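Okay, sequence plus prediction incoming.
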Amino acid sequence: MAIVRVLALGAVSFVAISPFFWHGSPSGHDFEFHMFSWMEVLGQWKQNIVYPRWAALAHWGYGEARFLFYPPASWTVGAALGALLPWKLVPGAYSWLALTLAGLSMYRLAQEWLPAQDALFAAALYAVNPYHLLIVYWRSAFAELLAAALLPLLLLRILRLNEPGFRPVLWLSLILAAAWLTNAPAAVMIHYSAAGLAAVLAVLERSWRPVMRTALAVALGAGLASFYLIPAAYEGSWVNLGEVLAPGVRPQDNFLFTHIADPEHNRFNLLVSTIAATEIAALAVAIWFSRTWRSRERRPWVLLSCWGGLAALAMLSITNFLWQHLPKLRFVQLPWRFLLCLNAVLAILLTMATRRWSLRVSATVVLLAVLVIAGYRIQPPWWDTPADIEEMSDAISEGMGYEGTDEYVPAGADPSELNKDQPQVADSSGRPMRTDDADWRPAQKQFVVRADRPALLILRLFNYPAWEVMVNGRRVEAQTTEVTGQMEIPVATGRNDVRIHFGRTVDRTIGGVVSFFSLGLMLALWIKTRAKSGVGEAT
């Protein structure tokens, strides 16, 4: 029967992405960012770079530290699919996989309280809820979509924090670590959700144990993800990370029904606000009509109701003070992202509130109809054809590169001033320099240049602090051009053997060590907990 449910959820997700077969791939806000990331990662894998750090083809070959700051889960999955499938099929396959995983995780949660058929309905509703489809067809926020699978598991593990032994803490820490490695804004929402749920559970049970155990899970989860978290935090000052809070993507610009001086922004905000308002209304109705469940399952009903209510409240401008002052909350950027949490609640409570299948189907149809009608009246999706995706693939395979992301370039550099036609190595006037034995790879560059007099080479490469430069076997301190932030290398008269390597910085070493020891600690605790459980059973 388990395989039948998996196939059923897979079929529902397949129907949800079926328009891909007629229209191509939806080209949402983040579509090119993710597609180029997947293509470049696969290209670096083929060069034996297992964990890419530097996106060498971003900004038309000047590069950026994209893979240092963007969590690895989504670009790993996307690149892996690209290794197995034609690129034109990868967005659809990724979306199908993410929706199916979300449905499976919801089924795992729902079966705690619901019969199999009801749990399957909740899972299907969660998999293809309007916000998930908005992500697929309008936003292409593939990492956020993948994080949706973690929300039901989060609630499941919070509810089990009072079970004996240390296993519940270990399970929760794995979910929190997975959040950091999947999507940073979703990770912030998940951590605030975990804190809020633990606090409500502590009040219900009149015990600090859920809060203390959640704090331990947060610490261990951060430790497990430290190979990503510590470098991303430490090297954040090395790039223009403040661009993630530029006008238009700040919380105060994205509360429901907010208007700014940008018609395109306002159209999309109206679309997502219409969907959010409909889902908030549906949640309110579901909370009211599911209240009879409270007498049988008080803890989950209260937790779900509080979680959904706070998620809805977070989307309103009256919470702006909290967005500006709570630690890191503003880096979620878009308050309506809390629809990710709200839909995890809605799927369960709507199922509880509607025992009749006719009501369930009607409610689902209304929710999806609002998405379709509002979408096509306010802002229809954008589409890329297979030819568009092939053009993107050619830009990678031919080394032409692609437009990068401003927040990942070195601090102070202005990528808008870059010269797309600049050679890989030029003199101080911008004229090409003749090079021999050139080898220009993502994480290392080497070439030989002969100079008639002392010169300053200007490279088609951003000068990021992790680059290590050797000239004729000696360590050289690279300089940086004003405005564009390119690497400058001083060379002497005669033959100069230049070697540039993307080195392992101290923060990355520390992050790896912390993750290694955290994993060791977790395994030791897991084995110890299992041993104690075995002794108890034998006794």
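Good, I have the coordinates.

Now do the contacts for S305.
287, 345, 349 (CB atoms under 8 Å, 6 or more residues apart in numbering). (Glycine included, C-beta is placed from N, CA and C.)

Might you report the residue contacts of the first one?
With contacts taken as CB under 8 Å, 6+ apart, I287 has the following neighbours: 305, 308-309, 349, 353.

And the second one, by the same measure?
Counting by CB under 8 Å, 6+ apart, V345 makes contact with 283, 304-305, 307-308, 311.

one step back: redo the contacts of S305 as JSON lines? Include secondary structure.
Formatted as JSON lines, the contacts of S305 follow (DSSP: H, G, I helix; E, B strand; the rest coil):
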{"residue": "I287", "secondary structure": "helix"}
{"residue": "V345", "secondary structure": "helix"}
{"residue": "L349", "secondary structure": "helix"}
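
so which helix or strand takes in the nearest residue to Q252 once chain neighbours are set aside?
Leaving aside its chain neighbours, Q252 sits nearest to N320 (5.7 Å; criterion: CB to CB, 6 or more residues apart in numbering). For N320, the host element (DSSP states H and E) is helix 320-325.

If you rank every helix and strand of the chain by mean pLDDT, what lands last?
Across the helices and strands of the chain, mean pLDDT, DSSP states H and E gives its lowest value to helix 506-538, namely a mean of 83.

any weak-confidence spans in the stretch 201-350 of the chain?
By pLDDT under 70, the stretch 201-350 of the chain has no low-scoring segment.

And the helices in it?
209-224, 226-234, 263-289, 298-314, 320-325, 339-353 (DSSP state H, counting those that start in this stretch).

Give me the contact list for stretch 325-334.
In contact with stretch 325-334 (CB under 8 Å, 6+ apart) are residues 184-185, 188-189, 192, 244-245, 249-251, 254, 322-324, 338.

quick one on the thing from earlier: which of the contacts of V345 has the largest number of neighbours?
Most neighbours among the contacts of V345, by other CB atoms under 10 Å: A311, with 29 neighbours.

Next up, the contacts around that one.
So A311 contacts 193, 338-339, 341-342, 345 (CB under 8 Å, 6+ apart).

Would you mind measuring from the nearest residue to W238 once chain neighbours are set aside to F447?
In this structure, W238 finds its nearest non-sequential neighbour in P465, 5.4 Å apart by CB to CB, 6+ apart. Remark: distance between P465 and F447 (CB to CB, to the nearest Å) = 21 Å.

Which one of the two is surrounded by more residues?
F447 (21 against 16).

Helix, strand, or coil at E163?
Put simply, E163 is coil when judged by three-state DSSP.

Do you know the pLDDT at it?
For E163, the pLDDT comes out at 85.

The chain should start at 11 in everything you say after this.
Renumbered: residue one is now 11, and that last one reads E173.

number of nearby residues for it?
12.

Now it: phi and psi?
Main-chain torsions, E173, degrees, to the nearest 10: phi -70, psi 150.

so how far is P220 from it?
When E173 is compared with P220 (using CB to CB), they lie 11 Å apart.

try W303
W303 is 21 Å from P220, by CB to CB.

For these two, indicate the residue with more neighbours.
Remark: of W303 and P220, P220 carries more neighbours, 23 against 17, as counted by other CB under 10 Å.

need the contact list for that one.
168, 171-172, 208-209, 211-212.

same deal with E487?
V479.

switch the cut-off to 10 Å
Applying CB atoms under 10 Å, 6 or more residues apart in numbering, one finds that E487 lies in contact with 479, 499-500.

same question, W317
W317 neighbours (CB under 10 Å, 6+ apart): 161, 164-165, 168, 203, 206-207, 210, 348, 351-352, 354-355.

Could you do N276 as well?
N276 makes contacts with 263, 267-270, 283, 388-389, as judged by CB under 10 Å, 6+ apart.

Compute the distance between G258 and N264, please.
For G258 relative to N264 (CB to CB), the value is 8 Å.

And those two? Which one has more around it.
Neighbours per residue, other CB under 10 Å: of G258 and N264, the larger number sits with N264, 24 against 13.

Which residue, other than its chain neighbours, is closest to the more buried one?
Per CB to CB, 6+ apart, closest to N264 is L344, 4.6 Å.

tell me which residues in the helix holding N330 are buried?
Buried residues in helix 330-335, counted by 16 or more other CB atoms under 10 Å: W333.

Ok, stretch 374-382 next?
So for stretch 374-382, counting by 16+ other CB under 10 Å, buried means 374, 377-378, 380-381.

Which members of those are positioned in helices?
Members of the buried residues of stretch 374-382 lying in helices (criterion: DSSP state H): 374, 377-378, 380-381.

residue ranges of the helices in the stretch 11-160 of the chain, please?
Listed in chain order, the helices of the stretch 11-160 of the chain (DSSP H, counting those that start in this stretch) span 12-26, 30-33, 41-55, 68-71, 76-79, 82-94, 100-120, 126-137, 140-144, 152-157, 160-169.

Which of the ones you listed sits closest to G521?
Set against G521 and scored by CB to CB, the helices of the stretch 11-160 of the chain come closest in helix 76-79, at 10.6 Å.

which non-adjacent residue is nearest the most far-flung residue of the chain relative to its centre?
Using CA atoms, centre = their mean, the residue of the chain lying farthest from its centre is D462. It sits 49.9 Å away. The shortest distance from D462 to any non-neighbouring residue, by CB to CB, 6+ apart, is to T503 (6.7 Å).

With M480 instead?
Using CB to CB, 6+ apart, the closest residue to M480 is R509 (4.5 Å).

Quick check: bridge partners of the one you found?
Q456, M480 (DSSP bridges).

can you tell me which of the contacts of A321 lies nearest to G483?
Using CB to CB, those come closest to G483 at S203, 53.8 Å.

give the contact list for that closest one.
Contacts of S203 (CB under 10 Å, 6+ apart): 161, 164-165, 168, 189, 196, 317, 320-321, 348, 350-351, 354.

Give me the pLDDT for the most centrally placed residue in the chain.
When CA atoms, centre = their mean is applied to the chain, the residue found nearest the centroid is N193 (2.4 Å). Predicted confidence (pLDDT) for N193: 97.

Please report how far it lies from P433.
When distance is defined by CB to CB, N193 is 38 Å away from P433.

distance of L169 from M532?
For L169, the distance to M532 - CB to CB - is 21 Å.
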